[in-house]
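Asks: fold the following for me, if possible:
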Amino acid sequence: MNITAIAPKPPETPVIAASAGPLALYRAMLRIRLIEEEIANRYSAQEMRCPVHLSIGQEATAVGACAALRTDDQIVSSHRSHGTYLAKGGDLNAMMAEIYGRETGCCGGRGGSMHLFDDRVGVLASVPIVGSFIALGTGAALSFRHANQDRVCIVFLGDGAIEEGIFHESANFAALKKLPVIFFIENNGYSCYTNLEDRQPVRPLADVARAHGMPSVQIDGNDVMAVYAATSPAVARARAGLGPTLIVADTYRWREHCGPNYDNDIGYRTPQEFESWRARCPVETMGANLMAQGTLTKTAQAELATEIGAEIDAAFQFAIGSAFPDPATARDHVYA
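Replies: Down below sits the predicted model:
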């Protein structure tokens with residue numbers, strides 16, 4: 001049985017088109033924020049029986065990067081995958097059903113929050129094993145080359161993943177073969193609870209690209225327009241057969257490494273550090289800029305939130321109302 005066959009028919013949720021303008025990018029970020037906040041609000045009910053790694057605070061990286069892609073381009077990502085999945089157009093109903101472990105989920109309720117995919121819009125996979133998915137994205141790019149397609153793959157990885165050998169092997173191979181892949185580092189400064197400076201030499205992360213002979217850029221990952229402006233030429237370069245690019249987007253996760261709560265009191269980061277990043281909220285900053293430009297009003301903003309809220313409520317109802325997988329199928333899709 002094909003797992004995709006058991007997912008519900010997805011709604012019309014196309015990849016964000018940058019041509020639609022900044023307001024569309026703002027709406028996409030706000031949507032991700034509201035979805036994840038509602039996951040956090042409901043998580044204590046103990047009905048979502050899988051870990052959740054929320055990307056609250058990091059919405060601009062996913063939205064700005066995916067806005068540079070076509071529907072047939074692909075992405076892969078890590079355990080913190082909700083934002084990238086949604087930004088690429090992944091079906092919200094299927095995502096919520098997966099988190100609730102229901103048979104209508106995108107993996108039939110078998111994968112949970114860290115295993116999201118949607119072939120319809122190019123979400124190839126999200127994988128929780130740190131770094132492992134980097135090779136999947138590089139392989140996807142190789143397949144595009146063999147098929148003479150001008151498609152591109154973005155690999156979304158955290159700063160911790162570049163400490164894995166698979167990153168360097170993939171970067172080396174991609175540069176050697178000039179593959180159409182972009183290594184997009186969402187640099188939130190922490191690997192679980194360990195600061196970047198305690199894990200790596202002090203140097204710009206973008207310098208890692210030099211060892212592999214590829215161009216790189218380091219940007220403000222909380223500025224969705226800056227993310228799009230950096231990703232767009234990298235995508236064009238990859239599509240033209242000129243090879244990979246490494247993008248480092250500096251951003252910050254607000255919630256705990258894994259779970260719905262805040263953890264600024266446990267000692268690995270300070271409340272002051274959190275507040276300094278909280279003041280740079282990508283969603284609120286973009287909203288304020290649009291209001292200053294006259295593109296967005298308080299009324300329109302409230303209407304957006306209401307519209308998105310209704311979609312979120314419907315997705316939770318869909319997930320909760322869906323059946324659990326039949327226990328008799330427990331061994332299906334298992335490689336032995």
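Asks: all strands for the chain, in order.
Replies: Here the chain has its strands, by DSSP state E, at 74-77, 123-126, 153-158, 181-187, 190-191, 194-195, 216-220, 245-250.
Asks: out of those strands, which comes closest to residue 329?
Replies: Among the strands of the chain, strand 123-126 comes nearest to residue 329, with 21.3 Å by CB to CB. Every residue, glycine included, has its C-beta placed from N, CA and C.
Asks: average pLDDT for the closest one, rounded please.
Replies: Across strand 123-126, pLDDT averages out at 97.
Asks: helices and strands around that strand, which ones?
Replies: strand 74-77, helix 82-87, helix 132-146 (3 or more CB pairs under 8 Å, 6 or more residues apart in numbering; DSSP states H and E).
Asks: list the pairing partners of the shortest one within its sheet, with orientation.
Replies: Partners of strand 74-77 in the sheet, by DSSP bridges, are strand 123-126 (parallel), strand 153-158 (parallel).
Asks: quick one: closest of those strands to residue 68.
Replies: strand 153-158 (8.4 Å).
Asks: pLDDT of that closest one, averaged?
Replies: 98.
Asks: list of residues touching that strand?
Replies: 61-62, 65-66, 69, 73-78, 80-81, 84, 124, 130-131, 133-134, 137-138, 140-141, 144, 167, 170, 180-188, 191, 231, 235 (CB atoms under 8 Å, 6 or more residues apart in numbering).
Asks: that strand vs helix 132-146, what angle?
Replies: Per axes from the mean of the first three to the mean of the last three CA atoms, to 10 degrees, the angle that strand 153-158 makes with helix 132-146 is 170 degrees.
Asks: list the buried residues in strand 153-158.
Replies: Buried positions in strand 153-158, judged by neighbour count with 16 or more other CB atoms under 10 Å: 153-158.
Asks: and stretch 242-260, by the same measure?
Replies: Neighbour-count burial for stretch 242-260 [16+ other CB under 10 Å]: 243-258, 260.
Asks: what's the span of that stretch, first residue to last?
Replies: By CA to CA, to the nearest Å, the extent of stretch 242-260 from end to end equals 41 Å.
Asks: do the same with stretch 184-195
Replies: Start-to-end span of stretch 184-195 (CA to CA) is 19 Å.
Asks: contact partners for the residue nearest the centre of the chain?
Replies: Per CA atoms, centre = their mean, the C-alpha nearest to the average position across the chain is that of residue 84, at 2.2 Å. By CB under 8 Å, 6+ apart, the contact list for residue 84 reads 55, 62, 65-66, 75, 77, 123, 126, 156.
Asks: biggest helix in this protein by residues?
Replies: Counting residues, the longest helix found in the chain (DSSP state H) is helix 298-321.
Asks: what ranges do the helices span in the stretch 1-150 of the chain?
Replies: Per DSSP state H, counting those that start in this stretch, the stretch 1-150 of the chain carries helices over the ranges 22-42, 59-66, 82-87, 92-99, 132-146.
Asks: possible to save the ones you listed as TSV with distance to residue 327 and mean pLDDT?
Replies: What follows is the helices of the stretch 1-150 of the chain, written out as TSV (distance: least, CB to CB, whole Å; pLDDT from 0 to 100):
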stretch	distance to residue 327	mean pLDDT
helix 22-42	25	97
helix 59-66	35	98
helix 82-87	27	98
helix 92-99	17	98
helix 132-146	29	97
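Asks: of all those helices, which one is nearest residue 283?
Replies: Residue 283 lies closest, by CB to CB, to one member of the helices of the stretch 1-150 of the chain: helix 22-42, at 4.9 Å.
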